[in-house]
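# I'll drop the sequence and a predicted model, then ask my questions.
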Amino acid sequence: FKSKLPNTSTSIFTVMSALAKQHNAINLSQGFPDFPSSKKLNDLVANAMNTGYNQYAPMAGNLDLRLAIAHKYELLYKSHYHPEKEITVTAGATQAIYTIISAFVNKNDEVIIFKPAYDSYQPAIEINGGKPIAVQLEAPNYKVNWDEVASKISSKTKMIIINSPHNPSGTIWSKEDMLQLQKLTNGTNIIVLSDEVYEHIVFDDAQHQSVCLFQDLKQRSFITASFGKTFHNTGWKIGYCCAPDYLMSEFRKVHQFNVFSVHHPSQKGIADYMQDSETYLGLNAFFQQKRDLFLKLISESRFKFQPSKGTYFQVLDYSEVTDEYDVDFAKRLTKEFKMASIPLSVFNDNGKDDKVLRFCFAKTDETLLQAAEIVNRI
Ligand code: PMP
Ligand code: GLN
């Protein structure tokens with residue numbers, strides 16, 4: 001048979017986590033915490049299982065959870081999403097992203113993505129017959145050149161996928177960036193997919209610029225989010241998306257046939273847990289302490305960096321250490337130094353190698369101390 005994704009290979013996250021395991025290395029590659037999710041939350045999920053939440057959830061998600069999500073948008077952004085019509089619970093952000101793309105992208109439609117880009121966007125576009133149009137963000141600042149974006153928008157542009165806070169670079173978009181996007185999309189039929197999975201991990205008192213804060217953008221946008229990132233349980237695979245009714249109703253036509261509904265007890269447990277808004281509002285400070293610890297510990301190393309502004313990733317420039325290709329260097333560090341990271345070239349346009357590796361600092365302080373000790377030895 002002819003492969004539908006001839007240029008796609010195993011995700012770098014799978015590759016590096018497997019290599020870390022094989023070599024018994026500290027794993028700062030794939031983005032997940034090495035500490036447990038809250039006992040209170042785990043107990044609430046167990047309680048949901050013991051009190052009858054074991055059959056199919058409603059297709060769009062447990063209503064208590066959709067109410068809790070709607071409340072969060074009112075509280076943080078003064079933005080209204082109708083819990084019954086405009087919010088759908090998904091199997092992680094990955095499923096939301098895939099389903100949004102398959103619900104709207106037709107053969108030969110163009111989709112603008114910003115590289116380095118999270119690795120699930122491009123295959124999801126391609127398998128639906130769409131054409132990814134890359135805008136390369138340049139290290140070390142990863143700023144958007146809005147003239148370039150304007151030049152790549154055409155009558156074929158169906159969608160633009162954005163992601164702030166940005167995985168893998170750890171940069172965030174400013175209000176000015178959002179206004180530029182709003183200006184460029186006004187008067188078009190372009191749908192915006194705004195991947196906001198790290199919305200609660202923003203540092204130094206910066207404000208997360210959600211698309212829902214910009215009225216014209218909100219009207220054409222999906223937001224995708226992930227409880228795995230917010231509540232330290234990436235293995236549960238619960239996320240959601242929000243969008244105006246006219247977009248969400250199309251999304252649900254596909255959602256109901258590629259998953260129908262997702263794990264019910266986790267949804268009810270998360271809904272109960274979110275009744276206290278501190279459960280998500282406290283995350284910025286929690287991860288800022290980890291970023292600061294890691295950066296202080298490696299400040300004398302040969303790696304150069306600009307502090308991450310959001311996400312739980314820090315990129316380090318190793319150009320003073322070696323000129324090895326980043327994939328080779330990341331693999332060698334795992335085998336010889338027992339520390340795994342993610343090379344950025346795999347997320348770039350045409351595999352562009354800036355000699356940069358991504359390190360996940362969602363780790364116990366003890367793990368960060370061990371990792372820093374290795375970084376300082378390289
Ligand atoms: N988007 C980005 C930018 C991510 O980093 C991740 C998780 N690594 C996802 C989407 C997927 O989230 P989930 O695990 O909820 O599917
Ligand atoms: N989002 C995680 C990361 O960026 C990985 C998710 C995955 O492995 N699919 O590391």
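Looks like it arrived, so ask away. Numbers count the residues shown, from 1 in each chain. Ligands and ions are numbered 1, 2, ... in the order given.
# next structured bit after the helix or strand hosting residue 255?
Secondary-structure element containing residue 255, defined by DSSP states H and E: helix 245-258. Proceeding C-terminally, helix 245-258 gives way to helix 264-273 as the next helix or strand, assigned by DSSP H and E.
# figure out how far the helix holding residue 255 is from the centre of its chain.
Mean-position distance between helix 245-258 and its chain equals 21 Å (Cα atoms, centre = their mean, to the nearest Å).
# please apply the same query to stretch 96-115.
Taking Cα atoms, centre = their mean, one finds stretch 96-115 lying 16 Å from the centre of the chain it belongs to.
# again, but for stretch 334-351
Using Cα atoms, centre = their mean, we find the averaged C-alpha position of stretch 334-351 to lie 18 Å away from the chain's own average C-alpha position.
# show the end-to-end separation of it, please.
21 Å (Cα to Cα, to the nearest Å).
# buried sites along that stretch?
For stretch 334-351, burial by neighbour count (16 or more other Cβ atoms under 10 Å) applies to 334, 337-349. (Each C-beta comes from the backbone N, C-alpha and C, glycine too.)
# and ligand 1, is that stretch touching that?
No: counting by Cβ under 6 Å from any ligand atom, no contacts exist between stretch 334-351 and ligand 1, the nearest distance being 10.2 Å.
# does that stretch come close to ligand 2?
No: counting by Cβ under 6 Å from any ligand atom, ligand 2 is not contacted by stretch 334-351; separation bottoms out at 6.6 Å.
# what do you get for stretch 191-205?
No: Stretch 191-205 stays out of contact with ligand 2 when judged by Cβ under 6 Å from any ligand atom, the minimum separation being 7.6 Å.
# buried residues, that stretch. List them.
With burial defined by 16+ other Cβ under 10 Å, the residues of stretch 191-205 counted as buried are 191-203.
# how far does that stretch sit from the chain's center?
8 Å.
# endpoint to endpoint, that stretch covers what distance?
The separation between the terminal residues of stretch 191-205, taken as Cα to Cα, is 30 Å.
# can you give me the mean pLDDT across that stretch?
Per-residue pLDDT over stretch 191-205 has a mean of 98.
# all the strands of the stretch 151-300 of the chain, in order from the start?
If you assign secondary structure with DSSP state E, counting those that start in this stretch, the strands in the stretch 151-300 of the chain sit at 157-163, 191-195, 221-226, 239-242.
# ok, and what's touching the shortest one?
The contact list for strand 239-242, computed with Cβ atoms under 8 Å, 6 or more residues apart in numbering, reads 61, 65-66, 69, 73, 81, 86-96, 100, 197, 212, 222-228, 248, 251.
# again with the second one
Outside of strand 191-195, the residues within contact range by Cβ under 8 Å, 6+ apart are 93, 97, 100-101, 104, 118, 158-164, 181, 185, 210-211, 217, 220-224, 247.
# what is the neighbour count of whatever residue of the stretch 51-200 of the chain ends up closest to ligand 2?
Closest approach of the stretch 51-200 of the chain to ligand 2 (Cβ to the nearest ligand atom) occurs at residue 167, with a separation of 5.1 Å. Residue neighbour count, defined by other Cβ atoms under 10 Å, stands at 25 for residue 167.
# check the one 4 residues further on too.
Residue crowding around residue 171 was assessed by other Cβ under 10 Å; the count is 22.
# tell me the contacts of it?
Shown here is residue 171, whose contacts under the criterion Cβ under 8 Å, 6+ apart are 137, 141, 142, 143, 164, 165, 309, 310.
# across the sheet, point out what pairs with residue 159.
With beta bridges defined as DSSP bridges, residue 159 has these partners: residue 111, residue 191.
# from memory it sits against residue 103, does it?
No: with contacts counted by Cβ atoms under 8 Å, residue 159 stays clear of residue 103, the gap being 10.5 Å.
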